[in-house]
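Student: Everything below, folded, please.
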Amino acid sequence: YSALISERGYEYLIGSVHSVTDGSGQLIHIGERPCTKEELSIYTDDYIEMLSSGLFIYGAHPDFIAAAGFECEDAFASCAEAIARCAADIGIPIEINCHGFNKPKIQCADGSLRAPYPYLPFWEIAAQKGVKVVIGMDSHKPENVVRHRERAVELAMGLGLEYYTRAESLMDNYRRISKK
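Tutor: Next up is the predicted model:
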C-alpha cells in the first residue's frame, strides 16, 4: 500500500478489513455468516495492524465484523475494545458507515431486527475510549451519498463522539499521525 502513496501520488488511503484467513488458510469473508471467536480475534489483530501501519487516513467500518452477527458476545466486546483503544491511542479516526442502513436487517438472538452496521454496542465502547470518528458512506449508488447521514450524526452526538466535519481537518490529523 505504501507504493500507492509514494509512487502513484495518492494523497491518502482509507483502510479496512473485509476478510480474514483462519488457522487452516481458508479465506473467510466478513459479513457472510456469523463470526466465530477465532475469526473475531483474527479480525481484531488485522484491523489493529492496519490502523497502526500509518498508511491510512482512517479505519473504515470497524464494526463491519457485526454485519452478520457473531457467536460470542464477550469476544465481540473484547474485539471492539481493542480496536477502539488502538484508534484512540494512535489518534486515528474510525468510521461510522451509513451504508449498513441500506442493507437488509439481520435478526438478533432475541428475535429483534437491526441494521448490519453501524452496530451500537461497538460505538458505545468506542465512545468510552474517546475515539474520534468520521461519518462515511460506501456510496455504491449516487443517491446513497447522503442517505442516512443524519442517523449516523445522531448516533455520534448521542454517544458524545467527536467527529470530523471537514476534510482539511482530517488531512491535518493524517499528516500528524503518519509522521510518528
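Student: going forward, measure contacts and count neighbours with C-alpha atoms only.
Tutor: Noted.
Student: list the contacts for the most centrally placed residue in the chain?
Tutor: By Cα atoms, centre = their mean, the chain has its centre lying nearest to residue 62, at 1.9 Å. Shown in contact with residue 62 (Cα atoms under 8 Å, 6 or more residues apart in numbering): 16, 17, 47, 83, 94, 95.
Student: Now do the buried residues in stretch 129-149.
Tutor: By neighbour count on 16 or more other Cα atoms under 10 Å, the buried set for stretch 129-149 is 129, 130, 131, 132, 133, 134, 135, 136, 137, 147, 148, 149.
Student: Grab the longest helix from this protein for me.
Tutor: The helix spanning the most residues in the chain, taking DSSP state H as the definition, is helix 73-90.
Student: that older thread, show me the two of the buried residues of stretch 129-149 that sit farthest apart.
Tutor: 129 and 147 (27.9 Å; Cα to Cα).
Student: ok, residues contacting the longest helix of the chain?
Tutor: Residues contacting helix 73-90 (Cα under 8 Å, 6+ apart): 37, 40-41, 44, 47-48, 51-52, 62-63, 70, 93-94, 121-122, 125-126, 129-132, 177.
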